[in-house]
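[1] Okay, here's the prediction I keep looking at, along with the sequence it came from:
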Amino acid sequence: MADKEQVRRALAGVTMPDGRGSLAESGALSEIVIHQGKAYFSITVPAAQVAGAEPLRKAAEEAARAVPGITSALVTLTAEAAAKPAASAAPAKPAQPGPGSQAKVQVAGIRHIIAVASGKGGVGKSTTACNLALGFAAQGLRVGVLDADIYGPSMPKLFAIHGRPTLKEGRTLNPMQGYGIKVMSIGFLVDEEAAMIWRGPMVISAIQQMLREVDWGELDILVVDMPPGTGDAQLTMAQNVPLAGAVIVSTPQDLALIDARRGVAMFRKVEVPILGIVENMSYFIAPDTGKRYDIFGNGGARAEAERQGVPFLGEIPLTMSIREKSDAGTPVVVSEPDSPHAVAYRGIAAKVWGILEGGATQRPAPRIVFDA
Ligand code: ADP
């Protein structure tokens, strides 16, 4: 059995990019957790260097995996808290009702459309969207998923759906089906490379088509997996899709929270209610001992939600099985329905549905205030 010390020794061979010596000695390494041959740890880097630290993260993962007895490693980058720029927290001014709101024509037959969004990529937005949708279905709701993450569509893989949608009549497409959910993704229609070079207006029109020229039928809820980030394309989308609200996914790391704040501000600007924040990869629980490890500085998203006055929807633990089941196209809500993480996703789905339906949960529905 491999132990922490062996992993730490292996990480002594990984050098920090800024001449701070080895990763093991740099002070940037978190506690190392080993569970069933899998190693989990995080690396703290200055906020400005997070984007450039991906090779370091990969090297650390590889070094850990090379330790005999370690089968896989999950390494996350954490931004140094000191680098947190407060300026980006400024609340957005509410947008004037204008052309944006006029474009929001409801889609017949769909009761609520919600967006799942994140300030940046890689925080688990698509995984959350998929399991949240399955959580709604577990409540007996009729659910659809629209994969609007045009540059990196994940839903075909997450739902293990292959093939192409069939044409119903005229221009209308039949949605694909996975685990009882209707799914439409650009990934079913065009090659990934083709969509990569699309510009804003093409992206918007593709999304509008997937929304309005697909035979969704009667749905209680349509979950839209938004493209990550808060650029023009995302803003235009938020303006053009008749959204009942948005769920923001964030990791506990400061940098991600800054991005999450931008996400909140963007939806406020276009008067889309924030349904709440989900903290993903929140903490790690060793299944054998039940011991909880807050290796990534958990709790930030809850505090941030409070600061922003938006509901906190819940925490999803960092779990290897979430990644593995996602990769296998058998998301945990269907493949491990009794696991704590599946329970967490269903709990978030129940909360969101309660908010949408106007306080059907035990807690009163939060009042969503737009004016600063
Ligand atoms: P995004 O849509 O934000 O880019 P994804 O949903 O594609 O992110 O997730 C990025 C990676 O992280 C995927 O490999 C996914 O399986 C993994 N992942 C997401 N959430 C978790 C979690 N809670 N625990 C472990 N791995 C996760």
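    The structure has been received and is ready for your questions.
[2] For the rest of this, base every contact and every neighbour count on C-alpha atoms.
    Will do.
[3] Am I right that residue 277 falls within a helix?
    No. According to DSSP: H, G, I helix; E, B strand; the rest coil, residue 277 belongs to no helix; its state is strand.
[4] Bridge partners for it, pull those for me.
    Residue 277 forms beta bridges with residue 248, residue 312, as assigned by DSSP bridges.
[5] ok, it - how many residues close by?
    29 (other Cα atoms under 10 Å).
[6] how much space between it and residue 261?
    For residue 277, the distance to residue 261 (Cα to Cα, to the nearest Å) stands at 10 Å.
[7] cool, and residue 229?
    For residue 229, the distance to residue 261 - Cα to Cα - is 11 Å.
[8] More neighbours: which of the two?
    Counted by other Cα under 10 Å, residue 229 and residue 261 do not tie: residue 261 has more neighbours, with 23 against 19.
[9] SS state for the more buried one?
    Three-state call for residue 261 (three-state DSSP): helix.
[10] my read: it touches residue 118, true?
    No. Applying Cα atoms under 8 Å, one finds residue 261 not in contact with residue 118, separated by 9.3 Å.
[11] Pull the number of nearby residues for residue 259.
    If you count neighbours by other Cα under 10 Å, residue 259 ends up with 20.
[12] do residue 169 as well
    When neighbours are counted by other Cα under 10 Å, residue 169 registers 9.
[13] Up against the ligand, what does the stretch 51-200 of the chain have?
    121-127 (Cα under 6 Å from any ligand atom).
[14] now, which of these lie within helices?
    Assignment to helices by DSSP state H places the following of those there: 125-127.
[15] can you put these in CSV and add pLDDT?
    Conversion of those to CSV gives the following (pLDDT from 0 to 100):
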residue, pLDDT
125, 95
126, 97
127, 97
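[16] of those residues, closest to residue 33?
    Comparing those against residue 33 with Cα to Cα places residue 127 closest, at 23.2 Å.
[17] Would you mind measuring from the spatially closest residue to the closest one that is not a sequence neighbour to the ligand?
    Once flanking residues are discounted, residue 127 sits nearest to residue 326: 7.1 Å by Cα to Cα, 6 or more residues apart in numbering. Using Cα to the nearest ligand atom, to the nearest Å, one gets 5 Å for the distance from residue 326 to the ligand.
[18] Just the element for residue 326, please.
    Element membership for residue 326 (DSSP states H and E) is helix 320-327.
[19] One more: residue 115?
    Short version: residue 115 belongs to strand 110-117, going by DSSP H and E.
[20] partner strands of that strand, parallel or antiparallel?
    Sheet pairing of strand 110-117 (DSSP bridges) gives strand 219-225 (parallel), strand 245-250 (parallel).
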